[in-house]
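[1] Pasting the sequence and the predicted coordinates here, then a few questions.
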Amino acid sequence: MIRVTLSGAAVGTGAAAALPRVSAGFATGTVTLLATEGGTRQTVLSLVASGRMKLDAGSVSAVDEHGRTMSPARLRRAVALVDTPLVAEHSDEVSIASVVKEELAMARGRSRGTRPAEITNRRPFGSLSGEARLALLTELVLLRPDVEALVITAPERHGGEPAAWWRLLRDVATGRRGGPADGVAVLVVTDHATVTHIERLPEWEPLGVDALPLFEFDVMTSLESTGS
């Protein structure tokens, strides 16, 4: 269990601040939306929320399941950046296999039964839909030791229907799609239009443990059909 709190966190000052003051929080078992405009500002906010950027004002802190404050180093280990532009994103031109190998290296080769090590798909990573891309990345990131929270950056930039990845991330947060049994904290850094769209969605039932993982559906079946 983890709860991360941003209290008046800011980078820079005035109208040209890289990040104006932000106060927010995200915790295990939930998906939190946090809106800001501009790709650079979204990246800065993601770095701040994961404890990876020096602040000019405010603070970022985290507590564990016992209410103990995490050290900055432990916070950085616990919070993983997912698809953050310029920091933790993969080129659309590289193969799916290359992305998997790179992520597995960060996960120290752990596979947890999802068979990612078997993937040899040479299709470009950019050929995946936005939802399939996010499903693949979150599953691989959750293989890393100590990860208790995810910061997803600007998933709307890959197109598709926000409802699809919103539903996926709700299952990720509640532990239905891998990771710790009690789930993980998920923060989505996005834009205001996407937040408004998601807020207007009807309540969705989670996919549940019986759903076919998107990782295997979108990647593994394509291998079988193409013979790659």
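    Structure's in. What do you need? Residues are numbered from 1 along each chain as shown.

[2] Go ahead and confirm residue 177 touches residue 165.
    No - applying Cβ atoms under 8 Å, one finds residue 177 not in contact with residue 165, separated by 11.9 Å. Where C-beta positions appear, they are placed from N, C-alpha and C, glycine not excepted.

[3] ok, those two, which is more surrounded?
    Neighbour comparison, residue 177 and residue 165: the larger count goes to residue 165, with 28 against 25 (by other Cβ atoms under 10 Å).

[4] centre of the chain versus the helix or strand hosting residue 100, how much separation?
    Taking DSSP states H and E as the definition, one finds residue 100 inside helix 96-106. Centre-to-centre, helix 96-106 and its host chain are 16 Å apart (Cα atoms, centre = their mean, to the nearest Å).

[5] and the helix or strand following that helix, what does it pack onto?
    Past helix 96-106, further along toward the C-terminus, the next helix or strand under DSSP H and E is helix 130-141. Counting by 3 or more Cβ pairs under 8 Å, 6 or more residues apart in numbering; DSSP states H and E, the packing neighbours recorded for helix 130-141 are strand 79-82, helix 96-106, strand 149-153, helix 162-173, helix 214-215.

[6] For the first one, enumerate the helices and strands it packs against.
    To tie it back to what came earlier, the one meant is strand 79-82. In this structure, strand 79-82 packs against helix 39-49, helix 130-141, strand 149-153, with contacts taken as 3+ Cβ pairs under 8 Å, 6+ apart.

[7] Can I get the helices and strands packed on helix 130-141 in TSV including distance to residue 39 and mean pLDDT?
    Listed next are the helices and strands packed on helix 130-141 as TSV, based on distance: least, Cβ to Cβ, whole Å; pLDDT from 0 to 100:
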stretch	distance to residue 39	mean pLDDT
strand 79-82	14	97
helix 96-106	21	87
strand 149-153	9	97
helix 162-173	17	91
helix 214-215	25	37
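
[8] now for these, which one comes closest to residue 66?
    Comparison of these against residue 66 by Cβ to Cβ identifies strand 149-153 as nearest, at 16.3 Å.

[9] Return the most buried member of the helices and strands packed on helix 130-141.
    For these, the stretch with the most neighbours on average is strand 149-153, a mean of 26; neighbours defined as mean count of other Cβ atoms under 10 Å.

[10] Any idea which residue is closest to the centre of this structure?
    In the chain, the centroid-proximal residue (Cα atoms, centre = their mean) is residue 152; its distance is 3.2 Å.

[11] Contacts only, for that residue.
    Residues in contact with residue 152 (Cβ atoms under 8 Å, 6 or more residues apart in numbering) are 82, 83, 134, 138, 169, 186, 187, 188, 189.

[12] Widest-spaced pair of the residues you listed?
    In the contacts of residue 152, the most distant members under the criterion Cβ to Cβ are 138 and 189, with 14.6 Å between them.

[13] quick one: which of the contacts of residue 152 is most hemmed in?
    Within the contacts of residue 152, residue 187 tops the neighbour count with 29 neighbours, counted by other Cβ under 10 Å.

[14] In contact with that one, which residues?
    Residue 187 sits next to 4, 24, 26, 31, 32, 34, 49, 149, 150, 151, 152 when contact means Cβ under 8 Å, 6+ apart.

[15] Give the bridge partners for it, please.
    When assigned by DSSP bridges, residue 187 has beta-bridge partners residue 32, residue 151.

[16] related to what we said a few turns ago, out of the helices and strands packed on helix 130-141, the one nearest residue 16 is which?
    Taking Cβ to Cβ as the measure, those were each checked against residue 16, and strand 149-153 came out nearest at 21.5 Å.
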